[in-house]
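Undergrad: 3D, please:
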Amino acid sequence: TTDVSERSLRDIYFPPFKAAKDAGVATFMTAFNEISGVPCTSSKFLYQDVLRDEWRFNGFVVTDYTAINELVPHGVARDEAHAAELAANAGIEMDMTGGVFHAHLLQAVKEGKVNEETIDNAVRRILEMKFLLGIMDDPYRYLNEEREKATIMKPEFLEAARDAARKSVVLLKNENVLPLTEGEEIAFIGKYAKKPRYNPPNVRL
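TA: Okay, the predicted model is just below:
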């Protein structure tokens, strides 16, 4: 939840996004947070009033990972069918991995909750990007097994990632806790304590 005035939005937060649009960016991604009680993924103000009507953006808008699904626990959608309706009418064209549009938009159009023109515009914008990328001519043009073998998991790339992670770690307060000495223990608490969401290699729990 964020409490941001429209003046702050326009004076501080919008300018870099507007600059990206003016520079020719092709897509925008929704944020998870809410502004004035409305999650960004269902905000007509952001995607219709500002992005389309004011800035004349012609690309497409994609959600962050499962952001439409999360309109339900966020408390603005009663279920995922309602979430699909809210997001589509807000101006969201692509549902990243959540499957909500795929499962519910057809019924929403049949019930008159989402205009068919909204769907047509979304499809047009997404297909236009696919054409511009050239994947309509060759859907495999960006797949290169030789390049993959030469670059994936290269030691210098792994070290660069490790170094970036090391430099980005922030310890808020250390009252003689770290480093741990032999025999000391630390508790992991929460639903991912016993079953991590991600279990990176060389990490033992």
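Undergrad: Scan the protein for its longest helix.
TA: Identified as the longest helix of the chain according to DSSP state H is helix 116-133.
Undergrad: Quick one: find the helix or strand in the protein with the lowest mean pLDDT.
TA: Ranked by mean pLDDT, DSSP states H and E, the weakest helix or strand in the chain is helix 145-151, scoring a mean of 87.
Undergrad: Buried by neighbour count: which residues of the helix or strand just after that one qualify?
TA: Of the helices and strands lying after helix 145-151 in sequence (DSSP states H and E), the nearest is helix 155-168. Of all the residues in helix 155-168, not one is buried under the rule 16 or more other Cβ atoms under 10 Å. Placement of C-beta: from N, CA and C, glycine included.
Undergrad: who touches helix 155-168?
TA: Contacting residues not belonging to helix 155-168 are listed as Thr151 [Cβ atoms under 8 Å, 6 or more residues apart in numbering].
Undergrad: May I have it as PDB, with CA atoms only?
TA: What follows is helix 155-168, C-alpha atoms only, in PDB (Å, rounded to 0.1, in the frame of the first residue of the first chain):
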ATOM      1  CA  PRO A 155      32.200 -19.200 -14.500                       C
ATOM      2  CA  GLU A 156      32.800 -15.500 -15.100                       C
ATOM      3  CA  PHE A 157      29.000 -14.900 -15.400                       C
ATOM      4  CA  LEU A 158      28.300 -16.900 -12.200                       C
ATOM      5  CA  GLU A 159      31.000 -14.900 -10.400                       C
ATOM      6  CA  ALA A 160      29.600 -11.600 -11.600                       C
ATOM      7  CA  ALA A 161      26.200 -12.600 -10.300                       C
ATOM      8  CA  ARG A 162      27.700 -13.700  -7.000                       C
ATOM      9  CA  ASP A 163      29.600 -10.400  -6.700                       C
ATOM     10  CA  ALA A 164      26.400  -8.400  -7.500                       C
ATOM     11  CA  ALA A 165      24.500 -10.400  -4.800                       C
ATOM     12  CA  ARG A 166      27.300  -9.900  -2.300                       C
ATOM     13  CA  LYS A 167      27.400  -6.100  -2.900                       C
ATOM     14  CA  SER A 168      23.700  -5.800  -2.700                       C
END
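Undergrad: May I see the buried residues of the helix or strand hosting Pro15?
TA: Taking DSSP H and E as the definition, one finds Pro15 inside helix 14-22. For helix 14-22, the neighbour count (16+ other Cβ under 10 Å) marks Phe14, Phe17, Lys18, Lys21 as buried.
Undergrad: Kindly report the same for stretch 119-132.
TA: In stretch 119-132, counting by 16+ other Cβ under 10 Å, buried: Ile119, Ala122, Arg125.
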